[in-house]
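Undergrad: quick one, what's the 3D model for this:
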Amino acid sequence: RDPATRDEQRDQLIEKFRGLLKACAADGADFVLCQEPMCMELTLRPDADLYDGFATAVTEQGGVVVNPQEVLREKEKDHFVWWDSAHLAPYGHHLLAGQLEPAVEQAVRRRLH
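TA: Numbering: from 1, shown residues only. Take a look at the predicted model:
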């Protein structure tokens, strides 16, 4: 696709996501965004600008962003993290949960206080 069209569509998607977050925040929602984990064997790579835009939108609303990629990338060197190039194995889920737990706990604690 044309890079200008891709950039325009990305910007539109980020703005729609920002609007969705604002609507949910008006109803008192808290946000935890977990960016998509990806196996290094997979040739597909996320659009970094799109991910950054989503992350910025979430943090603007006081949410937390979890990026599991660094931990998974390190562990997949010598651990069974992935069943295949798209699905986490049980240990991979354990690693992901370990990264999500503090973010979710933070959101829950905010609600309780």
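Undergrad: measure Glu60 to Ile14 for me?
TA: Noted for Glu60: a distance of 11 Å to Ile14, by C-beta to C-beta, to the nearest Å. C-beta: built from backbone N, CA, C; applies to glycine.
Undergrad: Ala25 reaches Gln61, doesn't it?
TA: Yes - between Ala25 and Gln61 there is a contact under C-beta atoms under 8 Å: 5.1 Å.
Undergrad: what touches both of the two?
TA: Phe31 (C-beta atoms under 8 Å, 6 or more residues apart in numbering).
Undergrad: quick one, phi/psi of the residue nearest the centre of the chain?
TA: For the chain, the residue sitting closest to the mean C-alpha position, by C-alpha atoms, centre = their mean, is Gln35 at 1.6 Å. Backbone torsions of Gln35, given as degrees, to the nearest 10, read phi -70, psi 150.
Undergrad: mind listing what Gly92 touches?
TA: With C-beta under 8 Å, 6+ apart, Gly92 has these contacts: Pro37, Leu72, Lys75, Glu76, Val81, Trp82.
Undergrad: does Thr43 belong to a helix, a strand or coil?
TA: Judged by DSSP: H, G, I helix; E, B strand; the rest coil, the three-state class of Thr43 is coil.
Undergrad: how many neighbours does it have?
TA: The number of residues packed around Thr43, counting by other C-beta atoms under 10 Å, is 6.
Undergrad: ok, now Glu60?
TA: 13.
Undergrad: pLDDT score assigned to it?
TA: pLDDT for Glu60: 95.
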